[in-house]
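Q: dropping a prediction and its sequence here:
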Amino acid sequence: MNVILGVWDLGMGQIILILLVVLLMFGAKKLPDLAKGLGQGIKEFKKATRDIQDEVSKAANAPDEPSYKPEPPKTASTEPDKDQAPKS
């Protein structure tokens, strides 16, 4: 939290003033609902970022080669079959 406050250079007096304005705007009855919604939003955001980080790390650790190896193409043989007699 110090990083956030350091970015905007907010002091304790300014934070208290902001909280009082929010209290006056929304009232004491709405603040718990707002805080609950904000908490759920932060929780979902953290879960989404964690999922993305997991996917990126799995992709980075995945082998470069495919898990299957394709069979080489079958070519026609140039040697005559031994069972057949040579044609004259």
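A: Done, it's in.

Q: quick one: low-confidence residue ranges for this protein.
A: 1-7, 64-68, 76-88 (pLDDT under 70).

Q: if you set the cut-off to 80 instead, what comes out?
A: Where the chain drops to pLDDT under 80, the residues are 1-9, 62-72, 74-88.

Q: where along it do the helices fall?
A: With DSSP state H as the criterion, the chain has helices at 2-8, 12-26, 31-61.

Q: now render these as TSV, adding distance to Pro70 and mean neighbour count.
A: In this view, the C-beta of every residue, glycine as well, is placed from N, C-alpha and C. Listed next are the helices of the chain as TSV, based on distance: least, CB to CB, whole Å; neighbours: other CB atoms under 10 Å:
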stretch	distance to Pro70	mean neighbour count
helix 2-8	51	8
helix 12-26	63	11
helix 31-61	22	10
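
Q: could those helices be laid out in TSV, adding distance to Lys74?
A: Shown next, in TSV, are the helices of the chain (distance: least, CB to CB, whole Å):
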stretch	distance to Lys74
helix 2-8	63
helix 12-26	74
helix 31-61	34
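
Q: and Pro72, which of these is closest to it?
A: Pro72 lies closest to helix 31-61 among the helices of the chain, at 28.8 Å (CB to CB).

Q: other SSEs contacting that closest one?
A: Using 3 or more CB pairs under 8 Å, 6 or more residues apart in numbering; DSSP states H and E, the elements in contact with helix 31-61 are helix 12-26.

Q: the helix it packs on to helix 31-61, inter-axis angle?
A: Per axes from the mean of the first three to the mean of the last three CA atoms, to 10 degrees, the angle that helix 12-26 makes with helix 31-61 is 110 degrees.
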